[in-house]
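>>> show me the folded form of this:
(2 chains)
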Protein chains: 2
Amino acid sequence: MAHETPPPGPGRVQPDALLDFIARAFVAAGLPDADARRVATLMTEADLQGSDGHGVIRLAPYLKRIKAGGMNLRPNIRVLHERAATALLDGDNGMGHLVMSRAADIAAQKARLCGIAWVGARLSNHAGPASLYARMALPHDMIGLYFAVGNANHLPPWGGLEMLLSTNPIAVAVPSADEVPVVLDMATTVAAYGKVKAKAQRGELMPEGWMIDRQGQPLRDPKRADEGFLLPIGGYKGYGLSLIVGLLAGTLNGAAMGREVIDFNKDHTSTTNTGQAIAMIDVAAFGDVAGFKRRVSTLVQDLRGSDRMPGVERIWLPGEQSHAKRTAHLRDGIALAPSLRATLDGVAADLGITPLPCTRGPEPNPA
Amino acid sequence: MAHETPPPGPGRVQPDALLDFIARAFVAAGLPDADARRVATLMTEADLQGSDGHGVIRLAPYLKRIKAGGMNLRPNIRVLHERAATALLDGDNGMGHLVMSRAADIAAQKARLCGIAWVGARLSNHAGPASLYARMALPHDMIGLYFAVGNANHLPPWGGLEMLLSTNPIAVAVPSADEVPVVLDMATTVAAYGKVKAKAQRGELMPEGWMIDRQGQPLRDPKRADEGFLLPIGGYKGYGLSLIVGLLAGTLNGAAMGREVIDFNKDHTSTTNTGQAIAMIDVAAFGDVAGFKRRVSTLVQDLRGSDRMPGVERIWLPGEQSHAKRTAHLRDGIALAPSLRATLDGVAADLGITPLPCTRGPEPNPA
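Have a look, this model is predicted:
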C-alpha cells in the first residue's frame, strides 16, 4: 500500500512504519517477535482509528512497566476453567493485547459451535481501546461485546467521595451490509480522563457535567482535576453501569476491582491483575446472516437519513467517525505531536534501535 | 404468610390478594389458568419491588389489547433456531411475561451445560420490568442480563428530530453472599417516560436534562412533552447504547426496531413484534461460586461504607432500594392510588369477577 499513497506530511508517519517501529521497540525490550508484532499491530490500529490515547502514546509507559519488571515478557497464557461456551484465561501478567487476542480467538471458535461464547481473563494488563476486541467478531459475521476494568479508579460510587470505580468501558460491534459496522466504544463516565488532561494542556475550561468537586459542585478548571471526580453518564445510572462492567470483567474473573485496582500511572511494578471479558454472538445461530446485515443497514440508513435539529450537519452512527479517521490516516499518515515524537526518539535511543523514519514530506493530500 | 402480617392499611392491598385478582381477570379474559397465574405473579412482583409503572397499572391496558385482538391468548411459543448455548423463540404474539419466562427457563438449562446462554425472542409483547427476568438467573447462582426494545419510540438519534429509538432498557442481576443481589435496571434515557407523565400529573416542572425541544433547548414543562424528546444518558453515548440494545434485542431476533416499532399506547391491534433477549452466565463456569459471592459482598460493603459527600445519608447499591420496597410491601401491603383502584373496580365489573377486597384496615405497621 505504501507506494500507492502520497508520502506522509510533516509530523506524520506511515502506519506500516509506525507498526514496524513499535514492533522493533518491543523486540529490543525482550518480547518474542510474534508477540511484539501482535501488540504493535493493535497499537497501530488504535492510532489508525483515532483512539490516539491508546496507540503509540502508550509505548513509553508500557516499556517503563516492562523495564520495572511489572509485566511478564514470556507469559504462559492458559485456560483455567472451560465449558463449551466459556473460558477463563490466566494472562500470567502478559501484555493485555496478547491475552485478549487469545481470548477473542477462543471466543470465535466456541461461538461458532455454541452460538455464543464468553471468555474472561484475569492477570491481564491494559489492552488498548475496547473497540479493537469487539471488532474481532466482525470477520466471523458475529456480534462482539467487550468489557474491561479500567487501570485507575477515577469514579466514586454515586454520592460518595472515594474513587473505588474506574471508567470501565463497554464496546459492541455489529456487522452490517453496505455500511460500516456499528461499533460503540464508550466509557461509563461523561468524559474519559484523557479528555480532562487535554483540556488542561490547552488551558481551557471543562464544560459543566464532566467533573464535580468534593462538595458535589461543578468543577470546570481541569488543573484542579485532582480535587474532584469524573461524573458517570446519567448520574446514578452510569455508576451502576460502571459497577456492573467491573463485576463482569473483574470480579467474575477473579481480577482486580474496587480497592484492588492499582493506578498503573503511578505504580509500575505491582501486578495489575487487570480483568477483561469478550463475548461473541454468532449471527447465524439466529437466522439468515445476509438478512440480518441488510436489516442493520436499513436501520443505519433510516437513522442517518432522518430529520435533523437546526445546525446539525449530519447524524452519525457509532463507529462511523473512527472509520472515517482510519480512511484518512491510511491515506495521509498518522499525525504525531512533536512532544510524542521526541519521546519516541528517546525510546529509540534508549533501546538502541533505528528511530521512526523522518517524515518531512508534503502536506497531507486534501483529496 | 397472610395471617402473619397485619391487615393492609387504607388504599393498600395484600400481595396475595392482588395476585389472585390479576389472575382471575386474565382467566375471565380468556387466558389459560396457568398462564394467567404466571403473568399475575410477575405483575405483582413488579408492584412489590416498586416498579409500579409495570405492575397492576398495566392490567387495564393489557386487557384492552386482548379485547381488541392485539395479543394471542393461546400462543404456540416455540424455538425457531437453536444451538447448544442459544435459542431464538417465536412468541406467537403471546404475552411477553410468558415468552420471556420460557426464554429464562431455556437460558438457565443451556447455561448450566455451556457456561453461558443467550435466548432471544421475536413476536413477544411488553413483559414488565427488565429486572424481573435478569433476576431469574439468581436462584441458579447465575448472572442474568436482559435487553428489550421499548414499546414506543421516544428518542431521536443524537442530533435528530425523528423518534426512531425507544428507552430500550438493560437489566443485570449479580448474586452475592450476605447482601441483597446487585440488580441494575435502567432505561438508556435520563428519565423514563412514566416519570414525565407523573410530573405532569403533579403540575411540577421537570429538571433540566430530562427533555429537549425541537430546537435542542431544555424543555421543562411536562405538559409540553409532545413538543420534545427524552434525552439519552451521557448524550451521544446513551443514543449509542439504546441503538445497541435495540440491535441485540430487536434486529438480531427479527423483531421490530426503528421505524417498525409501533406505539402500543396508541395502537391496540397491530402485532407489536416486540423483541427481548436474556443471557445467563453460570458463575460456576468461572470458578468457586461461594468465593465469587463473597467477593461481590466485600465490594458492596466497600462501596456502601466509603466516605460520602456532605448531605448524603447513604450510598445505595443498584437493587437495594427495590429490595427495601419489597420488604415494606410484603409487610404493609401495596399502596394503590384511588384512580387505579377505580380502574380496577371497573375492570372487575366489565369481566364480571369479584373486585379486589376492600382494605380499609388500620394504618401500615410503622415497625
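>>> the most centrally placed residue in chain A and chain B, how far apart?
By C-alpha atoms, centre = their mean, chain A has its centre lying nearest to residue A:129, at 0.6 Å. Computed as C-beta to the nearest C-beta, to the nearest Å, the residue A:129 to chain B distance reads 15 Å. The C-beta positions use only the backbone N, C-alpha and C, and glycine is treated the same way.
>>> now do the same contact list for the closest residue to residue A:304 other than its chain neighbours.
Distances taken as C-beta to C-beta, 6 or more residues apart in numbering or on different chains put residue A:315 closest to residue A:304, at 5.2 Å, once the chain neighbours are dropped. For residue A:315, the contact set (C-beta atoms under 8 Å, 6 or more residues apart in numbering or on different chains) comprises A:303-304, A:306, A:308, B:157-160.
>>> settle this for me: the residue nearest to the centre of chain A is touching residue A:57, isn't it.
No - between residue A:129 and residue A:57 there is no contact under C-beta atoms under 8 Å: 11.8 Å.
>>> and the stretch 251-367 of chain A, which of its residues are near chain B?
Contact residues, the stretch 251-367 of chain A versus chain B (C-beta under 8 Å from any C-beta of the partner chain): A:251-254, A:257-259, A:279, A:281-283, A:285-287, A:291-292, A:295-296, A:298-299, A:302-304, A:306-312, A:314-318.
>>> now with 7 Å?
A:251-254, A:257-259, A:281, A:283, A:285-287, A:292, A:295-296, A:299, A:302-303, A:306-310, A:312, A:315, A:318 (C-beta under 7 Å from any C-beta of the partner chain).
>>> of those residues, grab the buried ones for ChimeraX.
Selection of buried members from these for ChimeraX, criterion 16 or more other C-beta atoms under 10 Å in any protein chain shown:
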select /A:251,252,253,254,257,258,281,283,285,286,287,292,295,296,299,302,303,306,308,309,315,318
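>>> so which of the residues of the stretch 251-367 of chain A next to chain B are in helices?
Judged by DSSP state H, helices contain the following of these: A:292, A:295-296, A:299, A:302-303.
>>> rebuild those as JSON lines, extending it with distance to residue A:18 and pLDDT.
Below are these laid out as JSON lines (distance: C-beta to C-beta, whole Å; pLDDT from 0 to 100):
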{"residue": "A:292", "distance to residue A:18": "35", "pLDDT": "98"}
{"residue": "A:295", "distance to residue A:18": "37", "pLDDT": "98"}
{"residue": "A:296", "distance to residue A:18": "32", "pLDDT": "98"}
{"residue": "A:299", "distance to residue A:18": "35", "pLDDT": "98"}
{"residue": "A:302", "distance to residue A:18": "38", "pLDDT": "98"}
{"residue": "A:303", "distance to residue A:18": "34", "pLDDT": "98"}
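>>> ok, these vs residue A:148, which is closest?
Closest approach to residue A:148 among these (C-beta to C-beta): residue A:296, at 24.9 Å.
>>> so who does that closest one touch?
Listed by C-beta atoms under 7 Å, 6 or more residues apart in numbering or on different chains, the contact partners of residue A:296 are A:174, A:176, A:182, B:247, B:251.
>>> how about the secondary structure of the residue lying closest to residue A:306 once chain neighbours are set aside?
Distance criterion C-beta to C-beta, 6+ apart; nearest residue to residue A:306, sequence neighbours excluded, is residue B:162 at 4.0 Å. Three-state assignment for residue B:162 (DSSP: H, G, I helix; E, B strand; the rest coil): coil.
>>> hang on, residue B:162 packs against residue A:307?
Yes - taking C-beta atoms under 7 Å as the definition, residue B:162 is a contact partner of residue A:307 at 5.1 Å.
>>> what ranges does the stretch 151-300 of chain A have for its strands?
A:170-174, A:182-186, A:211-213, A:218-219, A:228-230, A:274-282 (DSSP state E, counting those that start in this stretch).
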